[in-house]
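[1] No letters, just coordinates:
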């Protein structure tokens, strides 16, 4: 299997094309190939034309880029499996899928078995392929055996019979605020156990990575939402009190395709502004000097961003053709094409840039977090416990999405603390307060952009719900008008009693003074 977005071949890779393929872009256009369409090659390097048609189908093109990448990989694994058995994918029967599931999930001979959640994703990828093949009459029957199930709402729907029973509905884990500080310092800033950068540390775009992480942790926006921000979408207006700023997420970059307000701490916004004035500005000036922007195959030079209820972005492309689109309807891919005319030439409006001054794409943040996790593990785990101690964890582990989980946990704790400490409410008064002004769960639901409260409770904060935070926080003997206390102690208690919450404790070999 081989998959490359076609516009990459039209741009920076054109010079490396083989002789006779200089007109590749024209051939792709004639064949209807678009950016993101997968190209499947068999082990004998032949292109499968039917799979090419599936990659160009409206259903597949409607998937998000990450889903396309995941499904392409999943399908390619099954194709390779069938190839090894001497069968084409159009010859697949239900028994083939049963054997494949057994190999992927249960066979002792397989050193890389997958869990239920991963299997369900692979099954979904294959189901999409074979449903399309049946509709297109390339196969007569769907080899993915289906059964009828009743949903929680009482609806009868079809689901794959091989769907795993041990799949987790979500992979939720949290880091407390002080644990995030440790992870950022060690993983992104190159600190050692003594709390200072280690000799020889070279932080590539350190300020960018720190700013992105702090923005996500303080706001709870999803990876694609935060990664797709344009420079003029950075929160600017501070709320009363000056601790948080609010901004607007465009509808098209959110999962629900609904615009919403988000809040970020003043400190996180300051980190973003510092990044813009330092390494981002340097990357742009180097790109301009090297002529990289002039060689881009596509560029939309923005001439105006209108205001009002439905602001529009107006631009002029390289051919002098003008266009406009509602800001809310710009996809993240279209956002990467937006530039403005700066003092030294064109500058990207895309906020996060790589070292070449080009847009740093949303999925690339996963690599930044993986590298930071490896560094935390290397620095904070004693040498004698490296790779040989499965029972203790010495270093925090974070994913891009755990920033969102951690934000939700933090907001819930703070909302309960504010309600109990600032207003000094009794249990009965807290009940009346919630009836009048709303439960903290609903407030967190709105901040996260969830369609319903059940998603917030079930997938993000279920462990916290069982801790009865109201009673725990209301037991303080501090006066009613006392300032909101340092919540590190509260989070430490939460982490001790709930599964999946990472906090700095005795397991992490860091001096107590530094950890606090």
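    Done, it's in. Every value quoted in this text rests on a predicted model; they were computed, and no experiment measured them.

[2] Quick check: closest non-adjacent residue to the residue nearest the centre of the chain.
    Centroid-nearest residue in the chain, with C-alpha atoms, centre = their mean: residue 223, separated by 3.3 Å. Of all residues not flanking residue 223 in the chain, residue 400 sits nearest, at 4.4 Å (C-beta to C-beta, 6 or more residues apart in numbering). Heads up, the C-betas are built off the backbone N, CA and C, glycines and all.

[3] From residue 363, how far off is that neighbour?
    Noted for residue 400: a distance of 10 Å to residue 363, by C-beta to C-beta, to the nearest Å.

[4] any shared contact partners between these two?
    The contact sets of residue 400 and residue 363 do not overlap (C-beta atoms under 8 Å, 6 or more residues apart in numbering).

[5] quick one on the thing from earlier: got the contact list for the residue nearest to the centre of the chain?
    216, 362, 365, 400-401 are the contacts of residue 223 under C-beta under 8 Å, 6+ apart.

[6] Would you agree the residue nearest to residue 223 is in contact with residue 217?
    No: counting by C-beta atoms under 8 Å, residue 400 does not reach residue 217; the two are 10.4 Å apart.

[7] Compute the first-to-last residue distance for stretch 92-106.
    20 Å (C-alpha to C-alpha, to the nearest Å).

[8] how about it: buried residues?
    Buried positions in stretch 92-106, judged by neighbour count with 16 or more other C-beta atoms under 10 Å: 92, 96-97, 100-101, 104-105.

[9] burial count for residue 233?
    Neighbour count for residue 233, taken as other C-beta atoms under 10 Å: 19.

[10] quick one on the thing from earlier: any idea how far the residue nearest to residue 223 lies from residue 362?
    With C-beta to C-beta as the criterion, residue 400 and residue 362 are 9 Å apart.

[11] just to revisit the earlier point, ok, the residue nearest to residue 223 to residue 324 distance?
    Distance from residue 400 to residue 324, by C-beta to C-beta: 32 Å.

[12] out of these two, which sits in the more crowded spot?
    Shown here are residue 400 and residue 324; by other C-beta under 10 Å, residue 400 has more neighbours (20 against 12).

[13] Quick one: residues contacting the more buried one.
    216, 223, 365-366, 369.

[14] Sort out for me which of these are in helices.
    Among the contacts of residue 400, DSSP state H puts 216, 223, 365-366, 369 in helices.

[15] tell me the phi and psi of residue 260?
    phi -150, psi 160 (degrees, to the nearest 10).

[16] For burial, what's the neighbour tally of it?
    16.

[17] Pairing partners for it in the sheet, please.
    For residue 260, the beta-bridge partners are residue 249 (DSSP bridges).

[18] What mean pLDDT does stretch 277-295 get?
    For stretch 277-295, mean pLDDT rounds to 96.

[19] Show residues contacting that stretch.
    11-12, 205-208, 299, 339, 342, 344-348, 351, 353-358.

[20] Quick check: buried residues in that stretch?
    Residues 279-281, 283-285, 287-288, 292-293 are the ones in stretch 277-295 that count as buried (16+ other C-beta under 10 Å).

[21] Between which two of these is the distance greatest?
    Greatest spatial distance in those: 279 and 293, 17.5 Å, computed using C-beta to C-beta.

[22] which intervals of the chain have sub-threshold pLDDT?
    Within the chain, the stretches with pLDDT under 70 are 1-18, 151-153, 167-172, 239-241, 387-393, 414-487, 490-491, 493-500, 505-516.

[23] how about the strands in it?
    146-150, 156-160, 174-175, 237-238, 244-249, 260-265, 300-305, 312-317, 322-326, 338-342, 345-348, 501-502 (DSSP state E).

[24] Please render those as a markdown table that adds distance to residue 122 to the earlier fields.
    Shown next, in a markdown table, are those (distance: least, C-beta to C-beta, whole Å):
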| stretch | distance to residue 122 |
| --- | --- |
| strand 146-150 | 16 |
| strand 156-160 | 11 |
| strand 174-175 | 28 |
| strand 237-238 | 46 |
| strand 244-249 | 31 |
| strand 260-265 | 32 |
| strand 300-305 | 38 |
| strand 312-317 | 39 |
| strand 322-326 | 36 |
| strand 338-342 | 36 |
| strand 345-348 | 36 |
| strand 501-502 | 29 |
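
[25] quick one: which of these is nearest residue 272?
    When these are ranked by distance to residue 272, counting by C-beta to C-beta, first place goes to strand 260-265 at 8.3 Å.

[26] how about the closest one: buried residues?
    Taking 16+ other C-beta under 10 Å as the criterion, strand 260-265 shows 260, 262-265 as buried.

[27] Can you redo these as CSV, where the extra columns are distance to residue 20?
    Output for the buried residues of strand 260-265, formatted as CSV (distance: C-beta to C-beta, whole Å):
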residue, distance to residue 20
260, 51
262, 51
263, 56
264, 52
265, 56
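
[28] Nearest to residue 334 among these?
    Among the buried residues of strand 260-265, residue 260 lies closest to residue 334 (C-beta to C-beta), at 19.8 Å.

[29] Can you pick out the most distant pair from the contacts of residue 400?
    Checking the contacts of residue 400 with C-beta to C-beta, the most distant pair is 216 and 366, at 12.9 Å.

[30] Who has more neighbours out of the two?
    Neighbour totals were compared for residue 216 and residue 366, and residue 216 leads with 25 against 14 (other C-beta under 10 Å).

[31] May I ask you to confirm that that one is in contact with residue 227?
    No: judged on C-beta under 8 Å, residue 216 makes no contact with residue 227 at a distance of 9.1 Å.

[32] hey, what's in contact with both of residue 400 and residue 217?
    Between them, residue 400 and residue 217 share no contacting residue, judged by C-beta under 8 Å, 6+ apart.

[33] quick one: the nearest residue to residue 304 once chain neighbours are set aside from residue 322, how far?
    Distances taken as C-beta to C-beta, 6+ apart put residue 314 closest to residue 304, at 4.5 Å, once the chain neighbours are dropped. According to C-beta to C-beta, residue 314 and residue 322 sit 7 Å apart.

[34] Fine, thanks again, bye for now.
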